[in-house]
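>>> Compute the structure for the input listed below.
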Amino acid sequence: MSMTTVSLDTNLIVSVLNQEKGLCDRAIEAIERSRKSGRLVVSGPVYAELMAGPFREESHLDMFFADTGIGIDWIMGEDIWREAGRAYLGYVQRRKECGAEPPRRILADFLIGAHAMVRGYCLLTTDDRHYKAAFPKLVTIHI
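Numbering: from 1, shown residues only. Here you go, the predicted model:
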């Protein structure tokens, strides 16, 4: 059995930290299933987004990641930034073509997807529709 790395999207960890009714249990189950098949990581943008949550201090986040064994991949090279930029451009163009309002997504979403795709990780998320549109080659796991 081949071990894989699974990158976790911000929305999953938020649901766990906030104990969101209904989603928290599903997120924990999906994280535990993914842990059995390989290593769990988050990208730097996920960590940064989590810091913006209420009552979240760096020390608490660091303890959460240490306690759960979820690694943090801080390094994002040129290849990730370029891929994120291309995906963000595609998103903006798709919105313009269908006459939609200006972009609603933020760059962090594209950095998270590009990080997983360039590294060859699967992305565990509650929002696979966005990631499939922006990164057709990215393997996503939807909960």
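>>> Can you mark which positions in stretch 130-140 are buried?
By neighbour count on 16 or more other Cβ atoms under 10 Å, the buried set for stretch 130-140 is 130-132, 134-135, 138-140. Any C-beta I mention is one placed from the backbone N, CA and C, and that applies to glycine too.
>>> Might you list the low-confidence residue ranges for the protein?
1-2, 103 (pLDDT under 70).
>>> could you pull out the helices for it?
10-17, 23-37, 44-51, 58-68, 78-97, 107-119, 128-134 (DSSP state H).
>>> Among these, which comes closest to Thr4?
helix 23-37 (5.6 Å; Cβ to Cβ).
>>> my read: Glu83 touches Ala116, true?
No: under the criterion of Cβ atoms under 8 Å, Glu83 makes no contact with Ala116, lying 10.2 Å away.
>>> so what's in contact with these two at the same time?
Here Glu83 and Ala116 share the contacting residues Phe135, scored by Cβ atoms under 8 Å, 6 or more residues apart in numbering.
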